[in-house]
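Enquirer: fold the stuff below for me.
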Amino acid sequence: MMTPPIRMAFPCGHRSICFALAPLSILILLNIQTFSPSSPPPPREREETVTQEVYEWWLLSWQKPGEIVCRVYIDHPGQPTPTEIFTNCGWDIYLTWISTPPCPEVNKEDGDISKCEGLYLFFAGIQVVTRKVKQKYPKPSVWLYLEDRCTPEFPYMRCPYPFGITLMGKEPFPEASISSVVVDVEGEEVECQGEFCTIEINDEVEGWVVDEETGERMVELTFWAESTWGDASSRYEASIRILPDGPTVRVNILSSQWREDGWDACSWFWGAFPPAQGKLPTWLFTPNAPAALATQARYYYLAGRLIEAGLVDASTCPNWGLQEPNLANECGLERALPLVYEWQNRFDEMIWAISRQVGIPAVLFKRLIAHESQFWPGTYFEKQEVGFGHLTFEALDTLLLWEPEVYWPLCRKVLGGWNCTPYPYLSAEKRQLLYHALWTQANLACNTCPQGIALKRSPESLYIFAYLLRATCHQLGQTIYNLTYKTPGDVAPYVDLWRFTIANYHNPNCVYQALASAYEESEGGLPLTWGNVKPYFPPACSLTVQYVEKIAP
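Expert: Residues are numbered from 1 along each chain as shown. Model prediction:
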């Protein structure tokens, strides 16, 4: 089995995440050039002219409208996002702006806006900026795709047999192109001219490892791309497993270069295939349609929030339908129940689509959100947590360290690309800036929005927690490797690796202590199943065990 890349361990917090876009740039395309492979290719860089429209906004004080508190520059129409206001103006000004209540004096004919408190946005105009920059480009890459007839059934893909795999070379440098894609199947090379190479997976492929009892087949691929610039991509690997299932086959792929909707991200991090035989638990599925995620749970906390927000009239109930803290009483719940059912399912389409894209089980993702926030993505001042999955400042390292797809775009946007280094080398002050940016994206509390929740920003908050769950499974894999010096899939079953991931989301210190104690006491002979490791959780970690068994029974 192919072993996934293992990185150095780094102290990580409890929970984390964010999603951001890279700055807009316009490239001038030049002629494609080819260099002789006998001499080293020149650097992948060139001078380019970048033209941007910059939109300028001012934050003004209601009490001193002539005084510009902060200038905000963005590269898109419409108002700045909360993250952009934080990035341009800092934490203190952001907090003042986000907590500013509506100003009723604005709607009065003779209103005195100086009576209002806080800050408001004013559009100052558009500037067109043109400048020359030296742009550096990475080496080419190759991505793996299954043919369109394959459909996701997480954690498997279902395909007809035989089926095709396409390897597509990507050349980011405008002055070069992919000259060929090469695939090595157990020592047999196939070279395809251009950027595409399609191979058929069938009985005639050399190198199959076959399990005669189950019919399971496995084959290893190595693949890379050659560039007209005179260099090549890295050499990538893929382990492909096929399981017969009626007229079709179930397919699993372990490769860093496979990122289609419905892929299993954590399987790659762990080097662990899902079980070939037996039924997976329901909480590890992603259904074929978002409607199948629907639930009808009686959520007392959600009912209480809906009553407090004025969305449910429970005025005829004792204590207005509420009990402490922030919970509906029985009467309040009954009044709120129709909206409780509707509210807990209103995010299903987003949860389903985001789960498929990020590569995590949709049912598990929804259960985690239900347990953390009951789908009310506001601020929890009593716990210093925000959003659908209860993001905390203490845990933001987890996402930023283990998710480069989150870290690098966010760092470039908040700090500027020239200030960005690999995350472990970033200064504490710069990390704090990223923490606050993530916090504002996850937090949907909004004083000026209906019901106090910015529901339009729900997708960006959900993305944060989807990537956080994925980062947590990656961190869990590193923890197991650090303890055992073995690929996680070789010492722990796939289903139980997910249970340890859920525990890791709740409290990574508890997971480390339990795994370390179980492995050390057995001198490495104890399989790391949930049943074997659970007794080793310290008494202080009993809530972590309960957390796992509530979400993943």
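
Enquirer: helix or strand with the lowest mean pLDDT in the protein?
Expert: Ranking every helix and strand in the chain by mean pLDDT, DSSP states H and E puts strand 379-380 at the bottom, with a mean of 61.

Enquirer: which residue lies nearest the spatial centre of this protein?
Expert: Tyr467 (1.8 Å; CA atoms, centre = their mean).

Enquirer: re the thing from before, hmm, who's touching the next helix or strand after the least confident helix or strand of the chain?
Expert: Scanning forward in sequence from strand 379-380 by DSSP states H and E, the next helix or strand is strand 385-386. Here strand 385-386 makes contact (CB atoms under 8 Å, 6 or more residues apart in numbering) with Pro377, Gly378, Thr379, Tyr380, Leu391, Thr392, Trp439, Ala442, Asn443, Leu444, Ala445. Every C-beta, even on glycine, is put in place using the N, C-alpha and C of the backbone.

Enquirer: of those residues, which is the nearest to Gln357?
Expert: Ala442 (17.9 Å; CB to CB).

Enquirer: wait, what's in contact with the closest residue to that closest one other than its chain neighbours?
Expert: Spatially, and ignoring its direct neighbours in sequence, Ala442 is nearest to Gly387 (3.7 Å; CB to CB, 6 or more residues apart in numbering). For Gly387, the contacting residues are Ser373, Pro377, Ala442, Asn443, Leu444, Ser461, Ile464, Phe465, by CB under 8 Å, 6+ apart.

Enquirer: thought the residue nearest to the centre of the chain was touching Gly359?
Expert: No: the pair Tyr467 / Gly359 is not scored as a contact, 10.1 Å apart, by CB atoms under 8 Å.

Enquirer: residue contacts, the residue nearest to Pro275 when sequence neighbours are not counted?
Expert: Nearest residue to Pro275 in three dimensions, chain neighbours excluded: Tyr494, at 6.0 Å (CB to CB, 6+ apart). Each residue near Tyr494 by CB under 8 Å, 6+ apart is listed here: Pro155, Ser267, Trp270, Ala272, Phe273, Pro274, Pro275.

Enquirer: chain center to stretch 271-290, what's the gap?
Expert: Taking the mean of its C-alpha atoms, stretch 271-290 sits 20 Å from the chain's own mean (CA atoms, centre = their mean, to the nearest Å).

Enquirer: flag every buried residue along it.
Expert: Gly271, Ala272, Phe273, Pro274, Leu280, Trp283, Leu284, Phe285, Thr286, Pro287, Pro290 (16 or more other CB atoms under 10 Å).

Enquirer: now do the end-to-end distance for it.
Expert: End-to-end distance of stretch 271-290 (CA to CA, to the nearest Å): 28 Å.

Enquirer: three-state assignment of Met168?
Expert: What DSSP: H, G, I helix; E, B strand; the rest coil gives for Met168 is strand.

Enquirer: okay, it: pLDDT?
Expert: On the pLDDT scale, Met168 is placed at 97.

Enquirer: wouldn't it be in contact with Val142 here?
Expert: Yes: the pair Met168 / Val142 is scored as a contact, 6.8 Å apart, by CB under 8 Å.

Enquirer: compare those two (neighbour count), which wins?
Expert: Comparing Met168 with Val142 by other CB atoms under 10 Å, the one with more neighbours is Val142, at 23 against 18.

Enquirer: phi first, then psi, for the residue nearest to Ala442.
Expert: phi 80, psi -180 (degrees, to the nearest 10).

Enquirer: heads up, I number from 869, so please use that
Expert: Okay, using 869 as the starting number, the last item reads as Gly1255.

Enquirer: any idea how far it is from Trp1244?
Expert: 10 Å (CB to CB, to the nearest Å).

Enquirer: show me the contacts for the residue lying closest to Glu1389 once chain neighbours are set aside.
Expert: The shortest distance from Glu1389 to any non-neighbouring residue, by CB to CB, 6+ apart, is to Tyr1404 (7.6 Å). Residues near Tyr1404 by CB under 8 Å, 6+ apart: Gln1381, Ala1382, Leu1383, Ser1385, Ala1386, Glu1389.

Enquirer: now, of these, which are buried?
Expert: Here, 16+ other CB under 10 Å leaves Gln1381, Ala1382, Leu1383, Ala1386 buried among the contacts of Tyr1404.

Enquirer: quick check: which element contains the third one?
Expert: This means Leu1383. With DSSP H and E as criterion, Leu1383 is part of helix 1376-1389.

Enquirer: name the helices or strands packed onto that helix?
Expert: Packing partners of helix 1376-1389 (3 or more CB pairs under 8 Å, 6 or more residues apart in numbering; DSSP states H and E): helix 1326-1352, helix 1362-1374, helix 1398-1401.
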